[in-house]
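Student: Kindly generate the corresponding structure for this input.
(2 chains)
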There are 2 protein chains.
Amino acid sequence: MSRVKVAVAGATGAVGREMLKVLEQRDFPAEVVPFASARSAGSAVPFKGAELTVRELKEDSFKGFDIALFSAGGSTSEKFAPLAAKSGCVVVDNSSAWRMDPACPLVVPEVNAHDLDWHKGIIANPNCSTIQMVVALKPLHDAARIKRVIVSTYQAVSGTGQKAIVELENQVRRLMSGQEAVPEVYPHQIAFNCLPQIDVFLDNDYTKEEMKMVNETKKIMGDDSIRLTATTVRVPVFYGHSESVNVEFEKPLSAKQARAILAQAPGVRVLDNPRERIYPMPIDAAGQDETFVGRIRQDETVENGLNMWIVADNIRKGAALNAVQIAEALIERDLVRVP
Amino acid sequence: MSRVKVAVAGATGAVGREMLKVLEQRDFPAEVVPFASARSAGSAVPFKGAELTVRELKEDSFKGFDIALFSAGGSTSEKFAPLAAKSGCVVVDNSSAWRMDPACPLVVPEVNAHDLDWHKGIIANPNCSTIQMVVALKPLHDAARIKRVIVSTYQAVSGTGQKAIVELENQVRRLMSGQEAVPEVYPHQIAFNCLPQIDVFLDNDYTKEEMKMVNETKKIMGDDSIRLTATTVRVPVFYGHSESVNVEFEKPLSAKQARAILAQAPGVRVLDNPRERIYPMPIDAAGQDETFVGRIRQDETVENGLNMWIVADNIRKGAALNAVQIAEALIERDLVRVP
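Tutor: Numbers count the residues shown, from 1 in each chain, chains lettered A, B, ... in the order given. I've put the predicted structure just below:
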């Protein structure tokens, strides 16, 4: 069987490494070539039992490639994604650089794979906290139409990258041995603390992360009428974002009906048996592909209200897996041809 | 100067020890005697540079005492609080045993000290997550009348007691040295995890903690019309509960107005300068008396909506300090006479 050629740009980062792992695990029919900045070029990354040598990302790197999975930060994407697209390669970009660009589809395959059809070379992978939320909300929106969402997040440090994982580890070790914790990656200590700040603050006093959830949700769901407000918080967890989500629907939807709909929904797994103390938790979601939903219950303070608790692995479904699923959907929809 | 006689029942627990500390720090005009179960009787607790010997809690322990601060668990309170009240002692009870009893005031002094006037011997200290929320919400309710509150909590392990603090420490140590974490106090691992369960589940699939927030808020605020829904979550933090709170008001209230009102409110400290990365955090609230409020911003998804982030030391304002403040208010209001 012949294969497509896939470039992974930013292959040495936390998400890039996970992309390689996901491509391997899903037996993606591709010849895979890892790229990174000059600093990391020449190093090796594991793939299918062997090691691949990382090449330096250059302007002409993408010649002959069918798909490029980018996870190399906003400025790298801004520079290299258009070059890759120009050379005939379809870019799936994990940065926020192209997400709100009207020329770029913003895609979660379970929700809006159809938006891939109008791509012009660059497809944006949404923000991690948005992806898991829309996977769970879309089937409920289809059933009862969402009017308003109030979400509070509990986000893992891996969302910031490898250096934040190391920072949490180091701070915990220092504090447990009676030393002070020194914040470098985050503005304040993250160990045994909660930081109500993710990304920078904007003029309206919301963080960029909070406004990403607002704006990306509307674009992915294809519905500007959904009202959403978010409070995003970093917690001392390594992998797995959790979200406390309150939803007001236009039509009646019982907790039982929501559970039944979500049990059939693609990419969702319902974990909701409070009596047996079964509910989603980040330590269980880590390494898993599904978006886990539990604590589904009626909110009696509003007509047609539900509360729920949504957890997913932010590096997998929140980033690497979703990008690879977009690549798979491109092939399925014949937007990239397996030669 | 003569002094009132104060019994501290449950003096060896996390909250009991903090009660002694708060009585000492505030120079409460009392002769203090610590009590505990037979198991802990005879041990010593520090107080004003000396050590007090813990006496065994018995049916006739309260003779001659003016005030009893109880922090000894629900069943102990159910048995001993009425006995203490019968012997002429005013009980301030930190358990949930009497909170919703119509004969017992449920008091946060900044909010409803006036309810002390109708006490019949037992006064209930509210749940920790409720106390800090109502301290911040009451002045806003007075200004613009609250219609609906959606709260998601980030609660510290110290709320469960000393054994949970040890469990988080032990689990972190084990995981950092490559061993497995063994849950004993909590149903699941708490280290590097989020547990969307605090206390037991009720028939409506809410936890007891969540319904405490709903019911206690109405009783303390003296307003049954306030609609409130809660999702309560345990996070790997030692001290300090955080709350993401969305409020819908009847009348317009800008973020700026809310900040100005809260800056004047008793027991509140506004920490809200996002550009300087100043906002409340549990590591800063630990050991402090105030309830800290920040991230105050307009919620544009509803008429007259605000989001905010409320943090306080759950052992101090959430338990020990509030109980001692009730005792102080009893004296101020001449409900207990300094002899």
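Student: near chain B, which residues of the stretch 51-200 of chain A?
Tutor: A:148-150, A:152, A:154, A:169, A:172-173, A:176, A:187-189, A:192-197 (CB under 8 Å from any CB of the partner chain). C-beta: built from backbone N, CA, C; applies to glycine.
Student: Bridging across strands, which residues link to the residue in the stretch 1-150 of chain A positioned nearest to chain B?
Tutor: Nearest residue of the stretch 1-150 of chain A to chain B: residue A:150, at 4.9 Å (CB to the nearest CB). Beta bridges link residue A:150 to residue A:229, residue A:246, judged by DSSP bridges.
Student: thought it was touching residue A:229?
Tutor: Yes. Using CB atoms under 8 Å, residue A:150 is in contact with residue A:229, at 5.6 Å.
Student: shared neighbours of those two, anything?
Tutor: Taking CB atoms under 8 Å, 6 or more residues apart in numbering or on different chains as the contact rule, residue A:150 and residue A:229 both touch B:246, B:299, B:301.
Student: now those residues as a markdown table including pLDDT and neighbour count?
Tutor: Listed next are the shared contacts of residue A:150 and residue A:229 as a markdown table, based on pLDDT from 0 to 100; neighbours: other CB atoms under 10 Å in any protein chain shown:
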| residue | pLDDT | neighbour count |
| --- | --- | --- |
| B:246 | 99 | 23 |
| B:299 | 98 | 23 |
| B:301 | 98 | 20 |
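Student: Among those residues, which one sits closest to residue A:204?
Tutor: Set against residue A:204, the nearest of the shared contacts of residue A:150 and residue A:229 by CB to CB is residue B:299 (10.7 Å).
Student: which stretches of chain A form strands?
Tutor: A:4-9, A:30-36, A:44-47, A:50-53, A:55-56, A:67-70, A:90-93, A:122-124, A:146-154, A:227-231, A:241-249, A:268-270, A:291-299, A:305-312 (DSSP state E).
Student: and the last one with chain B, contact?
Tutor: Yes. Strand A:305-312 comes into contact with chain B when judged by CB under 8 Å from any CB, the residues involved being A:305, A:307, A:309.
Student: would CSV of those with neighbour count and pLDDT be doable?
Tutor: As requested, the residues of strand A:305-312 next to chain B are arranged in CSV below (neighbours: other CB atoms under 10 Å in any protein chain shown; pLDDT from 0 to 100):
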residue, neighbour count, pLDDT
A:305, 21, 98
A:307, 24, 98
A:309, 27, 99
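Student: Leaving out the residues flanking it, which one is nearest to residue A:287?
Tutor: Spatially, and ignoring its direct neighbours in sequence, residue A:287 is nearest to residue A:313 (6.2 Å; CB to CB, 6 or more residues apart in numbering or on different chains).
Student: Give me the neighbour count for the one you found.
Tutor: Close neighbours of residue A:313, defined as other CB atoms under 10 Å in any protein chain shown, add up to 28.
Student: And for residue A:249?
Tutor: Look at residue A:249: counted by other CB under 10 Å, it has 20 neighbours.
Student: how close does it sit to chain B?
Tutor: Separation of residue A:249 from chain B (CB to the nearest CB, to the nearest Å) stands at 14 Å.
Student: Next, count neighbours for the residue in the stretch 51-200 of chain A that chain B sits nearest to.
Tutor: Residue nearest to chain B within the stretch 51-200 of chain A: residue A:152 (3.8 Å; CB to the nearest CB). Look at residue A:152: counted by other CB under 10 Å, it has 29 neighbours.
Student: Same question for residue A:53.
Tutor: Neighbours of residue A:53 using other CB under 10 Å come to 11.
Student: Show the contacting residues for residue A:42.
Tutor: Residue A:42 sits next to A:53, A:54, A:56 when contact means CB under 8 Å, 6+ apart.
Student: Just list whatever residues bridge to the last one.
Tutor: Spelled out, it's residue A:56. Beta bridges link residue A:56 to residue A:36, judged by DSSP bridges.
Student: Might one say that it is in contact with residue A:41?
Tutor: Yes. Assessed by CB under 8 Å, residue A:56 is found in contact with residue A:41 at 3.7 Å.
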